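sharing a sequence plus its predicted fold:
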Amino acid sequence: MRPTHVTLVDVGPRDGLQNEAQPVPAATKIKLVHRLQAAGLKHIEVTSFVSPKWVPQMADNAEVMAGIARPPGVRHSVLTPNMKGFEGALAAGADEVVIFAAASEAFSQRNINCSIAESIERFRPVAEAARAHGLRVRAAVSCALGCPYQGEVGTDAVVDVAQRLLDIGAHHIGIADTIGVGTAGRVSAVMEATLKHVPLAELSGHFHDTYGQALTNIHACLQLGIHTFDASVAGLGGCPYAKGATGNVATEDVVYLLHGLGIHTGIDLDALVDAGAFISGALGRKPVSRVANALLAK
Ligand code: HMG
Ligand code: MG
């Protein structure tokens, strides 16, 4: 059941850099994307076409998209909360748009200023327009393992939102542990329930590593055959609307785990560590990756 090949989506340029207190120049973001491409990443979440009033760190979205090389075979995704975001994404030539709903009402309000039901209605035309233009539609389900405002989130709520996102045209569902509280048993239960609705090839895990459980949670997903995961180079990031949440699991750590299991990723770990060292240096700190720090200390 365990996969032989895993696709990693590096969300560092988006999920990572959206949370930086200091502005990161577009040129630095572009260099980071190029280093990720050079390391063998075939899927990169580059930026967000969200309101710059809400997330000023992503206000340079069009500049970043215009500045990156577009090697064939690499998919570049961007977040789109509404039609205005979709129009920006289309003009920028994104390959895939990401719509992002939550399994918790409280988080939906804080993150995108509307209820879950309203968000689905806002995403409906985005998904329709994306499909009409031949773009892929990826959907994230935030707070699938817990919410910073409402606490526990039931599996039924996760499955319900995932199904509604499929119904409006999402190709892919990403189960997101926004605040990194999930443990392997709960993650397996949520994934098993979601797999009754979403094909294995179109289900992924997005684990923030706040409680240090992300690698174990990925391992639990591998046992179910899940073979797509988001990760963030150097463990960058967090969510501006989930206080205290740390970054996604570091891509370097996930690659080390997978290669240790004999699972192919197509990623060159040394080049990836260089990419993480580059962006961490630009931010003036060490990578949040045990593997990167161990390899850099050699
Ligand atoms: P709102 O204030 O309710 O919307 O925000 P609005 O339609 O009233 O617009 C307010 C202003 O923003 C207007 O400008 C709009 O034109 C502008 P004004 O008239 O005041 O000058 N605006 C936009 N500008 C550029 N691009 C747009 C856009 N939309 C409106 N697309 C809205 C609603 C959804 C826009 C807002 O709440 C928002 O942008 N939220 C984004 C929040 C966000 O980016 N969060 C982080 C990403 S999600 C995440 O990290 C979770 C994830 O990683 C998975 C996980 O870990 O859980 C994916
Ligand atoms: Mg996230």
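Arrived safely, thanks for sending. Ligands and ions are numbered 1, 2, ... in the order given.

once you drop chain neighbours, what's closest to residue 149?
Closest residue in space to residue 149, ignoring its immediate chain neighbours: residue 106 at 3.6 Å, by Cβ to Cβ, 6 or more residues apart in numbering. Placement of C-beta: from N, CA and C, glycine included.

okay, the helix or strand where that neighbour lies in CSV with CA atoms only?
Counting by DSSP states H and E, the element that carries residue 106 is helix 105-112. In CSV, the C-alpha atoms belonging to helix 105-112 read as follows (Å, rounded to 0.1, in the frame of the first residue of the first chain):
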residue,chain,number,x,y,z
GLU,A,105,-16.7,28.4,11.1
ALA,A,106,-14.7,30.5,13.4
PHE,A,107,-11.5,30.2,11.3
SER,A,108,-13.4,30.8,8.1
GLN,A,109,-14.6,34.2,9.5
ARG,A,110,-11.1,35.2,10.7
ASN,A,111,-9.3,34.0,7.6
ILE,A,112,-11.6,35.0,4.7
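
buried set for stretch 197-211?
Buried residues in stretch 197-211, counted by 16 or more other Cβ atoms under 10 Å: 198, 203-211.

which ones are touching residue 97?
77-80, 85-86, 89, 126, 130, 135-138 (Cβ atoms under 8 Å, 6 or more residues apart in numbering).

could I get the residues you listed as a markdown table with secondary structure, distance to residue 180 and pLDDT?
Below are these laid out as a markdown table (DSSP: H, G, I helix; E, B strand; the rest coil; distance: Cβ to Cβ, whole Å; pLDDT from 0 to 100):
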| residue | secondary structure | distance to residue 180 | pLDDT |
| --- | --- | --- | --- |
| 77 | strand | 22 | 98 |
| 78 | strand | 24 | 98 |
| 79 | strand | 19 | 98 |
| 80 | coil | 25 | 98 |
| 85 | helix | 26 | 98 |
| 86 | helix | 29 | 98 |
| 89 | helix | 28 | 98 |
| 126 | helix | 27 | 98 |
| 130 | helix | 29 | 98 |
| 135 | coil | 30 | 98 |
| 136 | strand | 26 | 98 |
| 137 | strand | 26 | 98 |
| 138 | strand | 20 | 98 |
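
with respect to residue 295, which of those residues is nearest?
Nearest to residue 295 among the contacts of residue 97 is residue 77, at 27.7 Å by Cβ to Cβ.

list the contacts for that closest one?
9, 14, 43-46, 94-98, 136, 138.

so how far is residue 90 from the residue nearest to residue 196 when sequence neighbours are not counted?
The shortest distance from residue 196 to any non-neighbouring residue, by Cβ to Cβ, 6+ apart, is to residue 159 (7.6 Å). Applying Cβ to Cβ, to the nearest Å, the value for residue 159 to residue 90 is 31 Å.

same thing with residue 209?
In terms of Cβ to Cβ, residue 209 sits 33 Å off from residue 90.

quick one: name the residues of the stretch 101-250 of the chain near ligand 1.
Counting by Cβ under 6 Å from any ligand atom, the residues of the stretch 101-250 of the chain lying close to ligand 1 are 111-113, 140, 142, 176, 178, 206, 208, 239-241.

kindly recompute the last result at 5 Å.
Counting by Cβ under 5 Å from any ligand atom, the residues of the stretch 101-250 of the chain lying close to ligand 1 are 112-113, 140, 142, 176, 178, 239.

hmm, which of the residues you listed are the buried ones?
Buried, going by 16+ other Cβ under 10 Å: 112, 140, 142, 176, 178, 239, out of those.

and the two most separated of these?
Taking Cβ to Cβ as the measure, those have their most distant pair in 112 and 176, spaced 13.6 Å apart.

hang on, the earlier thing: among the residues of the stretch 101-250 of the chain next to ligand 1, which two are most distant?
Spanning the widest gap among these are 113 and 176, at 18.5 Å by Cβ to Cβ.

ok so residue 101 is a strand residue?
Yes. Residue 101: assigned to a strand according to DSSP: H, G, I helix; E, B strand; the rest coil.

how many residues are close by it?
Neighbourhood size, residue 101 [other Cβ atoms under 10 Å]: 29.
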